[in-house]
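**Q** got a predicted structure here, sequence first:
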Amino acid sequence: MEQLKNKIVDEGTVLSDTVLKVDSFLNHQIDPELMQEIGKEFTRRFEGEKITKILSIESSGIAPATMAGLYLGVPVIFARKRKSLTLTDHLYSSTVYSFTKKESNEISVSKDFLKKDDVVLLIDDFLANGQAVHGLVDIINKAEAKLAGVGIVIEKGFQAGGAEIREQGIRVESLAIVDSLENGEIRFRDEDPAQ
Ligand code: 5GP
């Protein structure tokens, strides 16, 4: 997605050979117009899959997931990282190790919002080692719902998550794939021009 790649080049900061900071439009401040285009692009790629729910994870997956939900016309659930007073039992849970925070979190979704007959699209901001996606897939499996695919805003193609998830036969659509951050330079993977 050219608009997204241009934004990454213009505003992204390479923090190290493995970490890209995009706080000005995705991870702290949000660019609503870009999110709208991201929502349309996920919809273009996944429409026809009979999706009934989008599942994301707090907090940075929520904005792109909500916009995709708007255009696909389906509700958006986000897995919570902490148990709240109002979210007690009656949960599907999984454990996720965070690449950026170097800590494990238990993520949970209420059984009220994910049902056996749901066809679920997972959406997240980044795909690195795939821990977040694995945890969300685990929750979908626990609910016995169907996984339609995974939509990612920025995939870091030099980390193992994307290849591992695709090897499981899961469809992964990433709007920008970064193949290297070495020497402070952002290098994108060449993609199908139709995308
Ligand atoms: P994974 O679970 O695939 O290893 O990592 C995915 C999660 O880690 C994302 O939801 C995102 O919050 C965070 N993350 C991983 N790599 C980066 C990165 O390079 N930059 C930013 N901003 N977040 C990242």
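**A** Arrived safely.

**Q** before we move on, which element is the residue positioned nearest the centre of the chain in?
**A** Centroid-nearest residue in the chain, with Cα atoms, centre = their mean: Asp124, separated by 1.2 Å. If you go by DSSP states H and E, Asp124 is part of strand 119-127.

**Q** quick one: that strand near the ligand?
**A** Yes. Residues of strand 119-127 are located near the ligand by Cβ under 6 Å from any ligand atom, namely Asp124, Asp125, Phe126, Leu127. Using the backbone N, CA and C atoms, a C-beta is placed for each residue, glycine as well.

**Q** now that strand: buried residues?
**A** Across strand 119-127, burial judged by 16 or more other Cβ atoms under 10 Å covers Val119, Val120, Leu121, Leu122, Ile123, Asp124, Asp125, Phe126, Leu127.

**Q** neighbouring contacts of the longest helix belonging to the chain?
**A** Using DSSP state H to define each element, the chain has its longest helix at helix 32-46. Residues from elsewhere that reach helix 32-46 (Cβ atoms under 8 Å, 6 or more residues apart in numbering): 1, 3-4, 7, 25, 63-64, 66-72, 121, 123, 148-149, 151, 153, 173, 175, 195.

**Q** mind listing which of these are in strands?
**A** Using DSSP state E, the members of those that fall within strands are Leu121, Ile123, Ala148, Gly149, Gly151, Val153, Glu173, Leu175.

**Q** so which of the residues you listed wins on neighbours?
**A** The member of these that has the most neighbours, counting by other Cβ atoms under 10 Å, is Ile123 with 31 neighbours.
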